[in-house]
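[1] Structure for the following, please:
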Amino acid sequence: MGSQSVLCPVCQGVVPATGKEAYTALRGRLILTNGYCAGGCAERRAEEQAQQQTQQMVRLEPAPAPAVPVQGPVRTPLRVVR
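    Sure, this is the predicted structure:
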């Protein structure tokens, strides 16, 4: 049994076994190190990706141009006195 077949591809937690014979020493070690998969990972991942795409689309909208260019105070040049 490879560890990839018992791990959730999203959260890397151990997926529930189909029967008691599937609970081996390797699976027990993986449960201790990785924990169990709570389920619904694929749905949560799809939802997160949809939110990220929406945020990226919002960021891509052009910023409004300033109405009037701002100009600082006009300064006269310094005179050199010798």
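[2] going forward, measure contacts and count neighbours with C-alpha atoms only.
    Noted.
[3] secondary structure class for Glu47?
    Classification of Glu47 using DSSP: H, G, I helix; E, B strand; the rest coil returns helix.
[4] and it, how many residues sit next to it?
    12 (other CA atoms under 10 Å).
[5] And Val15, by the same measure?
    19.
[6] Return the residues in contact with Cys41.
    10-11 (CA atoms under 8 Å, 6 or more residues apart in numbering).
[7] what's the spacing between Arg44 and Ala50?
    10 Å (CA to CA, to the nearest Å).
[8] scratch that, Leu78
    59 Å.
[9] Those two: which is more packed in?
    Per other CA under 10 Å, whichever of Leu78 and Ala50 has more neighbours is Ala50, with 12 against 6.
[10] Now that one: phi and psi?
    phi -60, psi -40 (degrees, to the nearest 10).
[11] least trustworthy helix or strand in this protein by mean pLDDT?
    Lowest by mean pLDDT, DSSP states H and E among the helices and strands of the chain is helix 41-60, with a mean of 81.
[12] Convert the C-alpha atoms of that helix to PDB, please.
    This file holds the C-alpha atoms of helix 41-60, laid out as PDB (Å, rounded to 0.1, in the frame of the first residue of the first chain):
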ATOM      1  CA  CYS A  41     -11.400  19.500   0.800                       C
ATOM      2  CA  ALA A  42     -12.000  19.500  -3.000                       C
ATOM      3  CA  GLU A  43     -15.100  21.700  -2.500                       C
ATOM      4  CA  ARG A  44     -13.300  24.100  -0.200                       C
ATOM      5  CA  ARG A  45     -10.400  24.300  -2.600                       C
ATOM      6  CA  ALA A  46     -12.700  25.100  -5.500                       C
ATOM      7  CA  GLU A  47     -14.500  27.800  -3.400                       C
ATOM      8  CA  GLU A  48     -11.100  29.400  -2.400                       C
ATOM      9  CA  GLN A  49      -9.900  29.400  -6.000                       C
ATOM     10  CA  ALA A  50     -13.200  31.100  -7.200                       C
ATOM     11  CA  GLN A  51     -12.700  33.700  -4.500                       C
ATOM     12  CA  GLN A  52      -9.100  34.300  -5.500                       C
ATOM     13  CA  GLN A  53     -10.100  34.700  -9.200                       C
ATOM     14  CA  THR A  54     -12.800  37.200  -8.200                       C
ATOM     15  CA  GLN A  55     -10.300  39.200  -6.200                       C
ATOM     16  CA  GLN A  56      -7.800  39.200  -9.100                       C
ATOM     17  CA  MET A  57     -10.500  40.500 -11.400                       C
ATOM     18  CA  VAL A  58     -11.300  43.300  -9.000                       C
ATOM     19  CA  ARG A  59      -7.600  44.300  -8.800                       C
ATOM     20  CA  LEU A  60      -7.400  44.400 -12.600                       C
END
